[in-house]
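S.K.: fold the following for me, if possible:
(2 chains)
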Amino acid sequence: MEDWKTNRNVFWTLATPGTLWLIAFFLVPLAFLFVLSFSSKAMIDGQISINQYDYFSGLTNYLRSFNPDIVSIFIRTLWWSALATLACLIIAYPIAFGICFAPDRWRPLLLMLIVLPFWINLLIRTYALMAVLRDNGLVNSALGAVGLGPLPLMNNTFGVIFGLVYVYMPFMVLPLYATIERLDKSFLEASLDLGGTQFQTFRNITLPLTMPGIVTGVVLVFIPCLGTFLTSELLGGTSSWMIGNVIQSQFGPANDWPFGSALSLLLMYATFAVLAVRAFLSRNSKGVDV
Amino acid sequence: MTVHRPFPRFTRRSLLKGTGAAFAGLVLSPRFAMAEEEKKLSFYNYDTYIGETTLDDFNKATGIEVKLDLFADGDELFTKLKAGNPGYDVIVPTSNVVERMVKANMLMPLDHAKIPNMKNIDPSFLNPTFDPGRKYSLPYQWGTVGIGYRKSKVEGAPDSWKWLLDDEKYAGRIALLGDQEHAIGAALKYLGFSYNSTNIDELNKARDLLIKGKKLVKKYADDNGQDLLAQGEVDLTMEYNGDIAQVMTEDDDLSYVIPKEGSNVWEDTIAIPTGAPHPENAHAFINYIFDGEVGKGITKTIMYATPNAAAKALMDEAYQNNPAIFPPADVLAKCEYSAYLGEEAVKVRDEIWTAIQAA
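M.R.: Prediction:
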């Protein structure tokens, strides 16, 4: 590829559409959220206005974000996202290994099966999951036929985390597959030949070498989990709000866009923190980068 | 959100938030503002909330083509129009949303002279607190919020909010409407306060009651309580009467009661948003809807209580005497409209609702 400085016209022709798109549909709305997060609803004739704002009126919205209820919902969000990510990792690792060691002609089909759910809208998939998990659903009907259950599979914390694992599993499998596939199998053979047990080989060779895939998978699952609102609303019970539900409420029933903006930006900063951790880990990694 | 079957039935207040709005298109601004309006009308409504053939019949009668867009709840309607009318001519806001939109200059005053069929409206609807003199809105349908229940699983009629909020007997078999207006409203009513209370002590008591009652409640349902009830997931649910009436037609074991402490009565209205591109057509459409036969066609499809007296008179007795649709006057007397409480009170309610969700 030639230096962009020598081919300015080509460079700008190719870069302009994307740049304009990014500015118009990402940066401008984001800037609007940023401004709004430091604003409050205007007072007009002694009444709080419904749709007029006092721009740059202070930090009230950020201070309100440290209300104990919001903090506890935020902690719940972090905790559940971590649990869902861990569950994804534990389940996805063997799946990714399985696909890598499957016969060549099977591999595309197996990968296809992992990606297939993305062809269906999240909402529809969640409805389908509800039909499976509810008290009179498929699982509990089957259990009922052999005299067991019904187990409370949804309208509770389990339902939300199960839903998150189900929805985001492919984001974990794919990067793991990419690293494991490029893993040099001779390292594993060397370790076993030199007397290492299977466990030692896994711990000292496989795990460090696939760490970049693990980190990428963790980031790809953890970040969307943080912003969940649909899964927690549909599969959760009476204590299942995550921070996404609070934000949704601010832009909907509460009509408090400034507060909603502040919460959205705080969530975005949390995301940046996760990405920073990822950058740090991958810089210190010796494994196969993804 | 309405759910629990792979392809949920879309009820009036049903789910799929936002998906309806995804079909919103652009409507051209009026090119002949002073001359005759182009024969178009953009109508923003709940799903399944108009007669099966009403829009086609209107098109045949007047040549005006109606484009229908759908919203899921009043909050979506309000949010969509808040930043400016994207081109709607006729909308269907609920009473408290009307009040809020009038305060924000989002509704256009109606020209009553262009709506002669107003004479068909039951006079008791012509001067409500949320829109004195009906300057901005006309009544479209009305109804109540109460308790839907499965007769074979519940002993007697659950005629008090106590059954849902403060009684261990049916723990885990209960769904409440999952929004601050109604869940908190019902708790306030049970405690003997107003559905619209803005008194912080009263609201805190309602909050404590709801937090204590969380172990009784299986789900804060997003207006799909009727589905949970019909599927046997719960035996008692707080819901809109029309939603319960719909599932009652499919299942004899279901029934509906308004709690003795009183409840919420709501009215959906028909109004023209500020900036509507076709106000003449909008008036013509509203006038058309209040025709007796047209109103009957709408009511036969959606089975809500109609304020259109001419339409009601044309319906059969089974409809006119259905207590789930038209509750007795003494019960109705204890029910309140949801008022628009002002932005500060909305914020307080939201904080209380968040505290309930966090607990």
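
S.K.: what parts of chain A come near chain B?
M.R.: With CB under 8 Å from any CB of the partner chain as the criterion, chain A meets chain B at residues A:41, A:47-51, A:67-70, A:72-73, A:76, A:123-124, A:127-128, A:130-131, A:134-136, A:155, A:233-234, A:237-241, A:245-246, A:249-256. Just so you know, the C-beta spots here come from the backbone N, C-alpha and C atoms, and that holds for glycine as well.

S.K.: make it 7 Å
M.R.: A:41, A:47-48, A:50-51, A:69-70, A:72-73, A:127-128, A:130-131, A:134-136, A:155, A:233-234, A:237-239, A:241, A:246, A:249, A:251-256 (CB under 7 Å from any CB of the partner chain).

S.K.: just those: which are in strands?
M.R.: Applying DSSP state E to the residues of chain A next to chain B, the entries found in strands are A:41, A:47-48, A:50-51.

S.K.: tabulate those residues (a markdown table), appending distance to B:I50 and neighbour count.
M.R.: Listed next are those as a markdown table, based on distance: CB to CB, whole Å; neighbours: other CB atoms under 10 Å in any protein chain shown:
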| residue | distance to B:I50 | neighbour count |
| --- | --- | --- |
| A:K41 | 35 | 22 |
| A:Q47 | 35 | 13 |
| A:I48 | 35 | 16 |
| A:I50 | 28 | 21 |
| A:N51 | 28 | 20 |
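
S.K.: of all those residues, which comes closest to A:I23?
M.R.: Using CB to CB, A:N51 comes nearest to A:I23 of these, at 25.7 Å.

S.K.: excluding its backbone neighbours, what's nearest residue 138?
M.R.: Because you didn't say which chain, this covers chain A. Nearest non-adjacent residue to A:L138, counting by CB to CB, 6 or more residues apart in numbering or on different chains: A:V132, 4.8 Å away.

S.K.: not quite, go with chain B.
M.R.: B:I270 (5.3 Å).

S.K.: tell me, how many residues neighbour the residue of the stretch 101-250 of chain B found nearest chain A?
M.R.: Chain A sits closest to B:A104 of the stretch 101-250 of chain B, with a gap of 4.1 Å, by CB to the nearest CB. Residue neighbour count, defined by other CB atoms under 10 Å in any protein chain shown, stands at 17 for B:A104.

S.K.: pretty sure it contacts A:Q52?
M.R.: No: here B:A104 lies out of contact with A:Q52, judged by CB atoms under 7 Å, at a distance of 8.7 Å.

S.K.: between those two, which contacts overlap?
M.R.: Counting by CB atoms under 7 Å, 6 or more residues apart in numbering or on different chains, B:A104 and A:Q52 have no common neighbour.

S.K.: residue boundaries of the strands in the stretch 151-300 of chain B?
M.R.: Taking DSSP state E, counting those that start in this stretch as the test, the strands found in the stretch 151-300 of chain B are B:174-177, B:217-221, B:236-240, B:254-257, B:264-271.

S.K.: show me what the fourth one is packed up against.
M.R.: It stands for strand B:254-257. With contacts taken as 3 or more CB pairs under 7 Å, 6 or more residues apart in numbering or on different chains; DSSP states H and E, strand B:254-257 sits against strand B:137-150, helix B:241-248.

S.K.: got TSV for these, with mean pLDDT and distance to A:N140 too?
M.R.: Putting those into TSV (pLDDT from 0 to 100; distance: least, CB to CB, whole Å) gives the following:
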stretch	mean pLDDT	distance to A:N140
strand B:137-150	94	18
helix B:241-248	85	21
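
S.K.: export those to CSV and tack on mean neighbour count?
M.R.: Below are the helices and strands packed on strand B:254-257 laid out as CSV (neighbours: other CB atoms under 10 Å in any protein chain shown):
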stretch, mean neighbour count
strand B:137-150, 24
helix B:241-248, 23
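
S.K.: so does the longest helix belonging to chain B get close to chain A?
M.R.: Identified as the longest helix of chain B according to DSSP state H is helix B:343-358. Yes: counting by CB under 7 Å from any CB, chain A has neighbours in helix B:343-358: B:343-344, B:346-347, B:350, B:354-355, B:357-358.

S.K.: considering those residues, which possesses the most neighbours?
M.R.: Counting neighbours by other CB under 10 Å, the top entry in these is B:Q357, with 25 neighbours.

S.K.: give the full set of residues in contact with the spatially closest residue to that residue that is not a sequence neighbour.
M.R.: Setting aside the residues directly before and after it, B:Q357 is nearest to A:W241 in space (CB to CB, 6+ apart), at 3.8 Å. Under the criterion of CB under 7 Å, 6+ apart, the neighbours of A:W241 are A:73, A:232, B:357-358.

S.K.: show the pLDDT at A:W241.
M.R.: Looking at A:W241, its pLDDT reads 93.

S.K.: does A:E233 touch A:N245 like I think?
M.R.: Yes: if you go by CB under 7 Å, A:E233 and A:N245 touch, sitting 6.1 Å apart.

S.K.: tell me the mean pLDDT for the longest helix along chain A?
M.R.: When every helix of chain A is counted residue by residue (DSSP H), the longest turns out to be helix A:68-101. Here helix A:68-101 scores 94 as its mean pLDDT.

S.K.: how about stretch A:278-286?
M.R.: Averaged across stretch A:278-286, pLDDT comes to 76.

S.K.: chain center to that stretch: distance?
M.R.: Computed by CA atoms, centre = their mean, to the nearest Å, the chain-centroid distance of stretch A:278-286 equals 20 Å.

S.K.: where along chain B do the helices fall?
M.R.: Taking DSSP H, the helices of chain B run over residues B:54-62, B:74-82, B:95-103, B:162-165, B:180-190, B:200-212, B:225-230, B:241-248, B:279-289, B:292-302, B:309-314, B:317-320, B:329-332, B:343-358.

S.K.: tell me which of those is the most buried.
M.R.: Highest mean neighbour count of the helices of chain B: helix B:225-230, a mean of 27 (counted as mean count of other CB atoms under 10 Å in any protein chain shown).

S.K.: and the contacts of that helix?
M.R.: B:2-4, B:148, B:150, B:175, B:177, B:219, B:221, B:234, B:237-239, B:243-244, B:246-247, B:250-251, B:254.

S.K.: now which of those would you call buried?
M.R.: Neighbour counting with 16 or more other CB atoms under 10 Å in any protein chain shown marks B:2-4, B:148, B:150, B:175, B:177, B:219, B:221, B:234, B:237-239, B:243-244, B:246-247, B:254 as buried within these.

S.K.: may I ask which helix or strand of chain A has the lowest mean pLDDT?
M.R.: None of the helices or strands of chain A scores lower by mean pLDDT, DSSP states H and E than strand A:47-54, at a mean of 82.

S.K.: okay, angle between that strand and helix B:343-358 too, please.
M.R.: Angle between the axes of strand A:47-54 and helix B:343-358 is 80 degrees (criterion: axes from the mean of the first three to the mean of the last three CA atoms, to 10 degrees).

S.K.: could I get strand A:47-54 in PDB with only the CA atoms?
M.R.: Provided in PDB are the C-alpha atoms of strand A:47-54 (Å, rounded to 0.1, in the frame of the first residue of the first chain):
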ATOM      1  CA  GLN A  47     -42.600  25.500  36.300                       C
ATOM      2  CA  ILE A  48     -40.100  22.800  35.200                       C
ATOM      3  CA  SER A  49     -40.200  22.700  31.500                       C
ATOM      4  CA  ILE A  50     -41.100  19.400  29.700                       C
ATOM      5  CA  ASN A  51     -38.900  19.800  26.700                       C
ATOM      6  CA  GLN A  52     -36.600  22.900  27.200                       C
ATOM      7  CA  TYR A  53     -33.200  22.700  28.800                       C
ATOM      8  CA  ASP A  54     -30.800  24.900  30.700                       C
END
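
S.K.: sheet partners, orientation included, of it?
M.R.: strand A:40-44 (antiparallel) (DSSP bridges).

S.K.: relative to helix B:95-103, how tilted is the partner strand?
M.R.: 70 degrees.

S.K.: what residues of strand A:40-44 count as buried?
M.R.: The neighbour-count check on strand A:40-44 (16+ other CB under 10 Å) flags A:40-41 as buried.

S.K.: which other residues reach that strand?
M.R.: Strand A:40-44 has contacts (CB under 7 Å, 6+ apart) with A:48-49, A:52-54, A:57, A:60, A:258, B:343.
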